[in-house]
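S.K.: need the 3D shape of this:
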Amino acid sequence: MSSSPTPRPVAEARTFWELLERRVAATPDTPMLIQESDRPGGPDRVLTFRQVRDLALETAAGLHRDYGVGEGTRVVWQLPTRVETVLASLALARLGAVQTPVIAIYRGAEVAQILDEARPELYLVPGRWRGFDYPAFARKLADDLPEPPRVLVAYDRDDLPRGGPDDIAALPAPPRTDLSDRRSPIRWVYYTSGITAAPKGALHTDRTLIAGGVGLADALGMGPGDVGSIAFPYAHIGGPDYLVTMLVHGFPALLVEVFALPEALPGYRRNRVTMAGGSTAFYAAFLAEQRKLPPGERLLPSLRVISGGGAPRPPEMYREVRDELGCVLAHGYGMTEVPAICMGSPGDTPDQLAYTEGHPVTGVEVRVVRTADGSEAETGEDGEVWLRGPMVCRGYTDPVLTAESFSTDADSAGLLPWLHTGDLGHVRADGHVVLTGRLKDIIIRKGENISAKEIEDLIYQDPRVGAVAVVGLPDPVRGERVCAVVERRAGVEPPTLPEIAERLRAAGLMAQKIPEQLELVDALPRNETLRKVLKHELRDLFAVLPWTDPQAR
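M.R.: Next up is the predicted model:
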């Protein structure tokens, strides 16, 4: 299935820099970036679209003059969410460099792998940030490369090189790209989070990222009167996705360098943020703060939409956000390889918002295939989700992974290949997509496939549960047994295994899907980007801990 595109002059830009220039031409003096003051009580820093363009141009001129950055120069940047990061990335886009953004909190082996594959000529870091010496870390890793990159501290406005009028005049012409997706040059390499395997480098063009952001913009229906927020790492694939949305619709966003509540709340309130989000863990954090307030008092009175993706969202959470935060929860589906796939819309029905990942965004095609033989599944029938469209990455840095993950049909000559996502789900009759699990997240108990998400959604309905992850653990009798790991909710006693079993039976769950094991934790292990639960850590931990089979008692 596919949705029809919505043409608009700004969104038809071929490159990031052209997109910025078109927005400046339309609304030059509208605020674009808002950043809290580094001084307590100081005024927020606000830059208009024109100011962002001018500062990015000065930065591009400085990078070109001092570091020789130009079209095709390989640059890795590992920077937090702040104005200078956006300026540096836009400057590199103006120069046509090949950018590899890296999440600022990544360390050790992950960054070493990325540097070894990217072989950058320039490596941008934030200096000492959150107690960590990034320049020393960068130089140590760089020294292990055959051709060490130059290391540039680029955290603050005084760190970035700036060119004057003569330097700007000496810049080469802005890079161009062909509207044909197959001929567009690779200018971005985004690495997956590596929560189930080693990080994979997804190859993107300006056009793939713009297409993803346009799809998100169409779904969310943001407008000039909105104020957004970027509280997740800007180096995540969601960074350019959201930036495109801002440029298409011409609204500003609050940059939150470190998302922590309640510390970040004054900035949201002061700037009257209308859309917040990031992922399921972000929704839960806002809900936890709301529950500290007296009945009837809203945490963020200006908030009308909370949105995001990147991790499963229990249906019950939609109702909690609606009833407690007083806004719409529009959850979506995206991945590093495809920044926007499906997105809930404020105009969707409560049923669609609670039980689906939204409708496929503008331009994406979704196919669901049976895992047994690869044939196309019927409406409502589960299978593996395949994707095709202008926002799908052009493969991986590893050709072997590309060959394993992409395929074409015999009757689709000349079209882009299908990406096999590894996600399981189905398409409803209304066209909305439901995800039911991952191929790698299927629990095989006594030869029967069990979806963890189905069990998780039902357990989360218990108000004593803060969060839940269901995993399969090795079992000599069953092959795998079903283990529910429950995060305690503050101030209440957690449910027992018999209580959980009774809830699941009452919901009509088959006996073989009911967990044999319950583990309670204060906090589920999560990654540092969109706070996805690290299920492999739970499997590794509880697979080796002593456990008594209740059936053997």
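
S.K.: can you give me the helices in the stretch 351-500 of the chain?
M.R.: Along the stretch 351-500 of the chain, counting by DSSP state H, counting those that start in this stretch, helices occupy 399-405, 452-460, 497-506.

S.K.: what's the answer for the stretch 51-200 of the chain, then?
M.R.: For the stretch 51-200 of the chain, the helices defined by DSSP H, counting those that start in this stretch cover 83-95, 108-118, 134-142, 165-169.

S.K.: show me where the chain dips below the pLDDT cut-off.
M.R.: Residues of the chain that meet the criterion pLDDT under 70 lie in 1-11, 177-183, 194-198, 409-415, 446-449, 528-530, 550-553.

S.K.: tell me the domain boundaries of it?
M.R.: Here the domain parsing of the chain from automatic domain parsing is 12-29+45-176, 446-552.

S.K.: tell me the secondary structure for residue 346?
M.R.: coil (DSSP: H, G, I helix; E, B strand; the rest coil).

S.K.: that one touches residue 327, doesn't it?
M.R.: No - the pair residue 346 / residue 327 is not scored as a contact, 9.2 Å apart, by C-beta atoms under 8 Å. C-beta coordinates here come from the backbone N, C-alpha and C atoms, glycine included.

S.K.: so what sits against both of the two?
M.R.: The contact sets of residue 346 and residue 327 overlap at 304, 305 (C-beta atoms under 8 Å, 6 or more residues apart in numbering).

S.K.: compare these two (neighbour count), which wins?
M.R.: Ranked by neighbour count (other C-beta atoms under 10 Å), residue 346 and residue 327 place residue 327 first, with 23 against 17.

S.K.: distance of the closest residue to the more buried one other than its chain neighbours relative to residue 321?
M.R.: Excluding its sequence neighbours, the residue lying closest to residue 327 (C-beta to C-beta, 6 or more residues apart in numbering) is residue 303, at 4.8 Å. Separation of residue 303 from residue 321 (C-beta to C-beta, to the nearest Å): 10 Å.

S.K.: mind listing the shared neighbours of those two?
M.R.: Here residue 303 and residue 321 have residue 327 as joint contacts, going by C-beta under 8 Å, 6+ apart.

S.K.: before we move on, the earlier item: in CSV, list the domains of the chain along with distance to residue 283 and mean neighbour count.
M.R.: Listed next are the domains of the chain as CSV, based on distance: least, C-beta to C-beta, whole Å; neighbours: other C-beta atoms under 10 Å:
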stretch, distance to residue 283, mean neighbour count
domain 12-29+45-176, 19, 19
domain 446-552, 10, 16
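
S.K.: nearest to residue 424, of the ones you listed?
M.R.: Evaluated with C-beta to C-beta, those place domain 446-552 nearest to residue 424, the distance being 7.1 Å.

S.K.: distance from that closest one to the middle of the chain?
M.R.: Relative to the centre of its chain, domain 446-552 is centred 25 Å away, using C-alpha atoms, centre = their mean, to the nearest Å.

S.K.: how about stretch 263-282?
M.R.: The answer for stretch 263-282 is 16 Å, by C-alpha atoms, centre = their mean.

S.K.: please apply the same query to stretch 159-178.
M.R.: Put simply, stretch 159-178 sits 30 Å off its chain's centre (C-alpha atoms, centre = their mean).

S.K.: got the contact list for that stretch?
M.R.: Outside stretch 159-178, the residues that touch it by C-beta under 8 Å, 6+ apart are 14-15, 17-18, 57-67, 70-71, 84, 87-88, 91, 94-96, 127, 152-154, 184-185, 187, 205-207.

S.K.: wouldn't residue 190 be in contact with residue 199 here?
M.R.: No - between residue 190 and residue 199 there is no contact under C-beta under 8 Å: 9.7 Å.

S.K.: more crowded one of the two?
M.R.: Taking neighbours as other C-beta under 10 Å, residue 190 and residue 199 compare with residue 190 leading, 24 against 21.

S.K.: any idea how far residue 208 is from the more buried one?
M.R.: Following C-beta to C-beta, the distance that separates residue 190 from residue 208 is 10 Å.

S.K.: brilliant, that's me finished.
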